[in-house]
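Asks: here's a sequence, model it:
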Amino acid sequence: MQTSKLFNTLVAAALLSGASITATHAADSAPKAPAAPAADTVVAANAAAAVPDETITSSAKAALSADAQAAALPVNVATKQGVVVLSGDVPSAEAGDRVVQIVASVSGVKEIKNELKVKAAG
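Replies: Here you go, the predicted model:
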């Protein structure tokens, strides 16, 4: 009878040990979350199917031209693999934020790298 209890205890310990090893291995091999983007990078929420870079660039420029506040701003738009780079001078941080918001709404934009510089008019 004592041998049976000892055997059952050893089997239970082995099973628990195996479960612990499996759980640890699963945690170690789980995919890691991607690093957070840099402060001047915006990840767009509407990056659906692949859209050609030229189409994204022209759509972003058209969207900026259609906005009364952004139309007059000297903003350069370039796109590579769905990542839009915005550069140029804007009169305020709010104006730059508006440009980013407009471009983020364009279909196919995966990410926006904001290289806009705030320079007061004058």
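Asks: can you give me the buried ones in stretch 61-79?
Replies: 63, 64, 70, 73, 75, 77, 79 (16 or more other Cβ atoms under 10 Å). Quick note: C-beta positions are derived from backbone N, CA and C, even for glycine.
Asks: could you do stretch 104-114 as well?
Replies: Under 16+ other Cβ under 10 Å, the buried positions of stretch 104-114 are 104, 106, 108, 109, 110, 111, 112, 113, 114.
Asks: can you map out the helices along the protein?
Replies: Using DSSP state H, the helices of the chain run over residues 2-29, 53-66, 93-104.
Asks: got phi/psi on the residue nearest to residue 65 when sequence neighbours are not counted?
Replies: Counting by Cβ to Cβ, 6 or more residues apart in numbering, residue 65 lies nearest to residue 71, which is 5.2 Å off, once chain neighbours are set aside. In terms of degrees, to the nearest 10, the main-chain angles of residue 71 are phi -60, psi -40.
Asks: from what I can see residue 71 touches residue 64, true?
Replies: Yes: counting by Cβ atoms under 8 Å, residue 71 does reach residue 64; the two are 6.6 Å apart.
Asks: quick one: low-confidence ranges for this protein?
Replies: 1-49, 121-122 (pLDDT under 70).
Asks: measure residue 88 to residue 118 for me?
Replies: Distance, residue 88 to residue 118, by Cβ to Cβ, to the nearest Å: 11 Å.
Asks: between these two, which one's more packed in?
Replies: Taking neighbours as other Cβ atoms under 10 Å, residue 88 and residue 118 compare with residue 88 leading, 15 against 12.
Asks: who's in contact with that one?
Replies: Applying Cβ atoms under 8 Å, 6 or more residues apart in numbering to residue 88 gives the contacts 73, 74, 75, 76, 116, 117.
Asks: so it bridges to which residues?
Replies: Per DSSP bridges, the residues bridged to residue 88 are residue 75, residue 116.
Asks: how much space between residue 85 and residue 62?
Replies: As defined by Cβ to Cβ, residue 85 lies at a distance of 17 Å from residue 62.
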